[in-house]
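Enquirer: All I have is the shape, not the residue letters:
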């Protein structure tokens with residue numbers, strides 16, 4: 001039996017070698033039969049984006065998989081990210097990157113009519129975001145040396161480049177619409193930032209010290225490993241905020257460059273909710289868990305209110321959260337009201353308390369003390385609003401794996 005098995009394996013190997021010798025070119029990649037290539041290269045179903053007015057959708061066509069040319073681009077593994085230094089965006093091999101689209105089709109829901117969107121040559125399209133009135137949508141075009149902002153008209157399908165200044169998409173979505181849709185708030189690569197840091201000769205050993213205490217930490221990949229990594233993360237992660245006129249493309253800078261984890265305009269467009277990383281960085285967790293300042297800025301970039309200073313999240317219990325304020329967002333139906341959750345159990349699910357969290361709010365001009373909107377028996381999962389003004393508040397009981405949602409007037 002053993003001899004027969006060896007003979008079969010030998011036959012298979014011989015056949016494979018003969019097939020490779022007869023089918024493979026002199027150099028390059030070996031390809032399977034055409035029927036398999038056709039299956040793997042078959043375009044997947046389009047992704048559908050519904051407009052805010054719910055009268056049309058945009059069909060986003062994409063390739064089945066990234067090309068070898070895309071995957072062979074240079075890559076920096078920094079703070080849980082994979083950054084392409086040529087584009088200052090996320091590398092195609094990263095798990096959290098947006099899909100790349102090859103074409104857009106606008107489809108009217110009422111009659112099913114379709115119109116193609118005029119696109120740049122060699123389209124490599126990523127993020128798409130509708131204006132609040134649904135008349136336009138913005139998207140990004142990835143070039144070999146940078147990322148451009150484009151805007152398309154939903155009525156005609158005509159699209160144009162709004163600004164040639166390169167966007168900074170290293171940390172995710174580079175733009176958000178402002179107010180009624182006349183402009184966008186975008187993150188740009190700072191002008192005249194100079195050359196990227198170069199790793200020099202070490203001036204001493206790489207020392208990491210544990211100062212006592214037990215802290216469960218998950219295993220992450222692509223973390224910072226050196227002072228040079230920190231310098232690279234600062235270089236590629238730092239952005240200049242600017243308002244961009246959606247018609248003319250005129251840019252109005254906001255404040256000075258910083259490392260923005262998030263930057264969200266208020267519904268009335270008069271304020272910006274900023275979460276920015278601060279040193280020292282951790283080499284144990286990705287950048288989302290770095291120490292951060294949460295602030296409200298005005299349109300010129302001046303700090304109106306500092307809401308919280310979050311510590312690095314490398315001592316959070318399993319199933320727990322950071323003590324203090326977290327999960328900040330704008331209330332979508334108010335001109336400028338910040339909403340956040342705050343732990344009442346010090347963030348530890350093992351603590352026995354009548355309420356795990358409370359929901360807090362603070363409104364412009366941000367001079368009064370924050371108000372408490374509600375308390376939850378379990379951990380807050382999500383807070384959202386209906387068009388009628390009702391609050392949908394979800395809480396999760398980790399011990400029983402229960403989820404329940406409250407409707408709050």
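Expert: It's in. From a predicted model like this one, the values you see are computed outputs, not experimental measurements.

Enquirer: quick one: the helices in the protein?
Expert: Listed in chain order, the helices of the chain (DSSP state H) span 2-23, 34-41, 68-71, 227-237.

Enquirer: buried sites along the third one?
Expert: Taking 16 or more other CB atoms under 10 Å as the basis for neighbour counts, the residues of helix 68-71 that come out buried are residue 70. Backbone N, C-alpha and C define where each C-beta goes, glycine included.

Enquirer: tell me what that helix is packed against?
Expert: Helix 68-71 sits against no helix or strand, with contacts defined as 3 or more CB pairs under 8 Å, 6 or more residues apart in numbering; DSSP states H and E.

Enquirer: what sits up against that helix?
Expert: Residues from elsewhere that reach helix 68-71, judged by CB atoms under 8 Å, 6 or more residues apart in numbering: 29, 92, 93, 100.

Enquirer: residues in contact with the second one?
Expert: The contact partners of residue 92, taken as CB under 8 Å, 6+ apart, are 66, 70, 71, 73, 84, 100.

Enquirer: Can you list the residue ranges for strands in the stretch 1-150 of the chain?
Expert: For the stretch 1-150 of the chain, applying DSSP state E, counting those that start in this stretch gives strands covering 47-50, 56-62, 76-78, 81-84, 89-90, 101-108, 114-116, 125-130, 136-142, 147-153.

Enquirer: winner for burial among the ones you listed?
Expert: Greatest average neighbour count among the strands of the stretch 1-150 of the chain goes to strand 89-90 (a mean of 25), per mean count of other CB atoms under 10 Å.

Enquirer: Hmm, residue 276 and residue 293 touching each other?
Expert: Yes: under the criterion of CB atoms under 8 Å, residue 293 makes contact with residue 276 at 5.5 Å.

Enquirer: hang on, the earlier thing: among the helices of the chain, which gets the worst mean confidence?
Expert: Least confidently modelled of these is helix 2-23, at a mean of 44 by mean pLDDT.

Enquirer: low pLDDT regions in the stretch 51-200 of the chain?
Expert: Filtered on pLDDT under 70, the stretch 51-200 of the chain yields the residue ranges 95-97.

Enquirer: Could you rerun that using 50?
Expert: By pLDDT under 50, the stretch 51-200 of the chain has no low-scoring segment.

Enquirer: Let me see the ranges of the strands in the stretch 301-409 of the chain.
Expert: 303-310, 325-330, 337-343, 357-363, 371-376, 379-385, 391-397, 402-408.

Enquirer: Please produce TSV containing those, extended by distance to residue 268, mean neighbour count and mean pLDDT.
Expert: What follows is the strands of the stretch 301-409 of the chain, written out as TSV (distance: least, CB to CB, whole Å; neighbours: other CB atoms under 10 Å; pLDDT from 0 to 100):
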stretch	distance to residue 268	mean neighbour count	mean pLDDT
strand 303-310	13	16	96
strand 325-330	10	18	95
strand 337-343	10	22	96
strand 357-363	11	19	95
strand 371-376	19	15	94
strand 379-385	16	17	92
strand 391-397	20	17	93
strand 402-408	23	11	93
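
Enquirer: Dump the ones you listed to CSV, plus distance to residue 152.
Expert: Putting the strands of the stretch 301-409 of the chain into CSV (distance: least, CB to CB, whole Å) gives the following:
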stretch, distance to residue 152
strand 303-310, 34
strand 325-330, 26
strand 337-343, 32
strand 357-363, 35
strand 371-376, 38
strand 379-385, 28
strand 391-397, 32
strand 402-408, 36
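
Enquirer: right, so of these, which gets closest to residue 147?
Expert: The minimum distance between residue 147 and the strands of the stretch 301-409 of the chain falls on strand 325-330, with 25.5 Å, by CB to CB.

Enquirer: now the closest one and strand 357-363, what's the angle there?
Expert: 40 degrees (axes from the mean of the first three to the mean of the last three CA atoms, to 10 degrees).

Enquirer: What is strand 325-330 packed up against?
Expert: Judged by 3+ CB pairs under 8 Å, 6+ apart, strand 325-330 is in contact with strand 271-277, strand 303-310, strand 337-343.

Enquirer: and those as TSV, adding distance to residue 286?
Expert: Output for those, formatted as TSV (distance: least, CB to CB, whole Å):
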stretch	distance to residue 286
strand 271-277	11
strand 303-310	14
strand 337-343	21
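
Enquirer: what residues are up against residue 56?
Expert: By CB under 8 Å, 6+ apart, the contact set of residue 56 is 106, 107, 108, 109, 134, 154.

Enquirer: swap that for residue 266, please
Expert: The contact partners of residue 266, taken as CB under 8 Å, 6+ apart, are 272, 273, 330, 335, 336, 364.

Enquirer: switch the cut-off to 10 Å
Expert: With contacts defined as CB atoms under 10 Å, 6 or more residues apart in numbering, residue 266 is in contact with 178-179, 272-273, 296-297, 299, 330-332, 334-338, 364.

Enquirer: out of those residues, who's nearest residue 88?
Expert: Lowest distance from residue 88 to the contacts of residue 266 (CB to CB) belongs to residue 272, with 21.2 Å.

Enquirer: Give me the nearest residue to the closest one, chain neighbours excluded.
Expert: residue 297 (4.4 Å; CB to CB, 6 or more residues apart in numbering).

Enquirer: Mind listing the residues bridging to the nearest residue in space to residue 357 that is not next to it in sequence?
Expert: Computed as CB to CB, 6+ apart, the closest residue to residue 357 that is not its neighbour in sequence is residue 380, at 4.4 Å. Beta bridges link residue 380 to residue 395, judged by DSSP bridges.

Enquirer: so residue 380 makes contact with residue 326?
Expert: Yes: proximity of residue 380 to residue 326 meets the contact threshold set by CB atoms under 10 Å, at 9.1 Å.

Enquirer: overlap in contacts of the two?
Expert: Both residue 380 and residue 326 are in contact with 340, 341, 342, 343, 357, where contact means CB under 10 Å, 6+ apart.
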